[in-house]
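# sequence and computational prediction follow.
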Amino acid sequence: MLVLIISLQKKKKISMAPPPSTVVSPLVALIIRILTFVSLFISVVIIATTSATVDLSVDLGLATTAKLHFNDFYAYRYMLATGVLGIAYTLVQTAFTIYFVSTGNRFGGDGLALLDFYGDKVVSYILATGAGAGFGLTVDTKRGEDNSDINSFFNRASAAASLLLIGFLFSAVSSIFSSLSLPKKTL
């Protein structure tokens, strides 16, 4: 009797289908990737076009003006670089996700699932540091400033940092989805 039960259990293990390789719908993953791209693209456009002409006669008593541009500040240059890197990665991953949605097969098989997993983690953290750098500089430089031209400049930079943060959040969700989509190891 015991031998019959053990042999039935062995047959069950052999005939069981492997678990599905994805838990999240590929269409949902595609929508999240598109939202990531849109927020990062708008952030990059805003920060790249952020500039202001500041009248120094108000602050320093000089009869001159100065032109502020985002690339005058290291933190904003870093913010732009992280946004561009995020856009490039998201475009590549979006193409792979479109392929997966249309064919039902992963491009590159299970090996690409590991690239998704590690790439999503790294890129999402890079985006978070870019947003943090932008927010940090904006808060430090706006403190005690009452010049409307300068405030307008830093408000635009803050909006770009906010969109970069939103892009990070979408990228973090993609990171979670790629964790759930890792191939399951059978014992």
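Cool, got the structure.

# chain center to the helix or strand where Phe117 lies, what's the gap?
Counting by DSSP states H and E, the element that carries Phe117 is helix 109-142. Distance of helix 109-142 from its chain centroid, counting by CA atoms, centre = their mean, to the nearest Å, is 6 Å.

# helices and strands of the protein: which one has the lowest mean pLDDT?
helix 2-15 (a mean of 49; mean pLDDT, DSSP states H and E).

# sorry, back to before: buried residues in the helix or strand following the helix holding Phe117?
Sequence order places helix 148-180 as the next helix or strand after helix 109-142, per DSSP H and E. Going by neighbour count (16 or more other CB atoms under 10 Å), the buried part of helix 148-180 is 150, 153-154, 156-175, 177-178. In this view, the C-beta of every residue, glycine as well, is placed from N, C-alpha and C.

# now do helix 148-180 against helix 109-142, angle only.
If you take axes from the mean of the first three to the mean of the last three CA atoms, to 10 degrees, helix 148-180 sits at 160 degrees to helix 109-142.

# for helix 148-180, name the packing helices and strands.
helix 26-48, strand 51-55, helix 74-103, helix 109-142 (3 or more CB pairs under 8 Å, 6 or more residues apart in numbering; DSSP states H and E).

# how about the ones you listed, which one is nearest Lys67?
Smallest distance to Lys67 across the helices and strands packed on helix 148-180 (CB to CB): 5.5 Å, for strand 51-55.

# okay, the closest one in CSV with CA atoms only?
Presented in CSV, the C-alpha positions along strand 51-55 are these (Å, rounded to 0.1, in the frame of the first residue of the first chain):
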residue,chain,number,x,y,z
SER,A,51,16.9,79.1,-17.9
ALA,A,52,16.3,82.5,-16.5
THR,A,53,17.7,86.0,-16.9
VAL,A,54,18.3,87.5,-13.5
ASP,A,55,18.5,91.3,-12.9
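
# still on that earlier bit, closest to Leu182 out of the helices and strands packed on helix 148-180?
helix 109-142 (5.6 Å).

# ranking the helices and strands packed on helix 148-180 by mean pLDDT, which is last?
Lowest mean pLDDT within these: strand 51-55, a mean of 81.

# which residues does that strand contact?
Here strand 51-55 makes contact (CB atoms under 8 Å, 6 or more residues apart in numbering) with Thr65, Ala66, Lys67, Leu68, His69, Phe70, Asn147, Asp149, Ile150, Ser152, Phe153.

# can you report how many residues lie near the fifth one?
Using other CB atoms under 10 Å, His69 has 13 neighbouring residues.
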